[in-house]
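> Predicted structure and sequence below. I'll ask about it afterward.
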Amino acid sequence: MSFLASTSRRTFGLAVAGLTLALATAGLARADDVRTIKVATSAESKPLSWGAIGVEPQGYEPDVLKAINAKLPQYKFLMEGAADIAQETGLATGKYDMATGGYYRAPAREKQFLIPESPIGASLIKIYSRKDSGIKEMKDLVGKKIVPVTAGGGIYKFANAWQEKNPDTQIEVTASSAGIPYPDRLKEVENGKYDALILPSNLGEQTVIDQQKLEITASEPAAINNTFILIHRSEENQALSEGIDKALKELKADGTLAKLSQKWFGEDITSYMK
């Protein structure tokens, strides 16, 4: 082999090695640029979101999170189901970067967390009653036996707030700490133990009613609350919050949120989103 040929081969080999190293380094740089975002989702709120630790979360909110992540390739959302009480605690301590769970915007949360302006969904509070009950709105509950609501919970606060605004119309709402599943509560309404059940409609009530062929009907929304993604407050997460806000606007505008809502709730909740 001539000296010239040998030198050319060595030069070519070094060039290839250099190119390979450059590509590998670029790949590492791109991988390093992708930031992992730990997201806490509800573990037991089907069809809003469910899936325990170690199980891939399913439901409306996980599907929306996947659609958001597709628009923000600089992040990798790592979702994990968590008990409701553990979500906000984990978010405050930085264990999680984000949390979803049908959260309402509130002054205390706005002070503690970053909250994108655009909602992820809407919580529609409805009244569930027998089809022959004639109950269509809150004032129709006068003299009726209402399923006890969780003490201090959202429905309890809603009922009391409604009562304060309507002092001339007295309804009786009792608080309870009993964790009876809502499918059983719907059956108690059908069999006459109670006249009505007040709940957000994003828990899958209509699916239970259809599957079990219950003679139960849902009212028009008695109240509507937008729901939001909560983000751990930090300077680094400011860009994340802004990116999510932009993505949610786009997903609402292109109909993605409406399609996912129909898929999981059987209705388009986006038409109620303020």
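Looks like it arrived, so ask away. Numbers count the residues shown, from 1 in each chain.
> Only the buried residues of the strand or helix carrying residue 251, if you could.
Per DSSP states H and E: residue 251 is located in helix 238-253. Residues 240, 241, 243, 244, 246, 247, 248, 251, 252 are the ones in helix 238-253 that count as buried (16 or more other C-beta atoms under 10 Å). (C-beta placed from N, C-alpha, C; glycine too.)
> just checking, what packs against that helix?
Helix 238-253 makes packing contacts with helix 60-71, strand 113-114, strand 223-232, helix 256-265 when contacts are defined by 3 or more C-beta pairs under 8 Å, 6 or more residues apart in numbering; DSSP states H and E.
> and if we set it to 7 Å?
Packing partners of helix 238-253 (3 or more C-beta pairs under 7 Å, 6 or more residues apart in numbering; DSSP states H and E): helix 60-71, strand 223-232.
> Give me the helices and strands touching the shortest one, please.
In terms of contacts (3+ C-beta pairs under 7 Å, 6+ apart), strand 223-232 is packed against strand 98-103, strand 113-114, strand 121-130, helix 238-253.
> Just the buried residues of that strand, please?
Applying 16+ other C-beta under 10 Å to strand 223-232 flags 223, 225, 226, 227, 228, 229, 230, 231, 232 as buried.
> Give me the number of neighbouring residues for the nearest residue to the first one once chain neighbours are set aside.
When the adjacent residues along the chain are set aside, residue 223 lies closest to residue 125, with 4.3 Å between them (C-beta to C-beta, 6 or more residues apart in numbering). Residue 125: 21 surrounding residues under other C-beta atoms under 10 Å.
> Name the residues linked to residue 125 by a beta bridge.
Counting by DSSP bridges, residue 125 is bridged to residue 200, residue 223.
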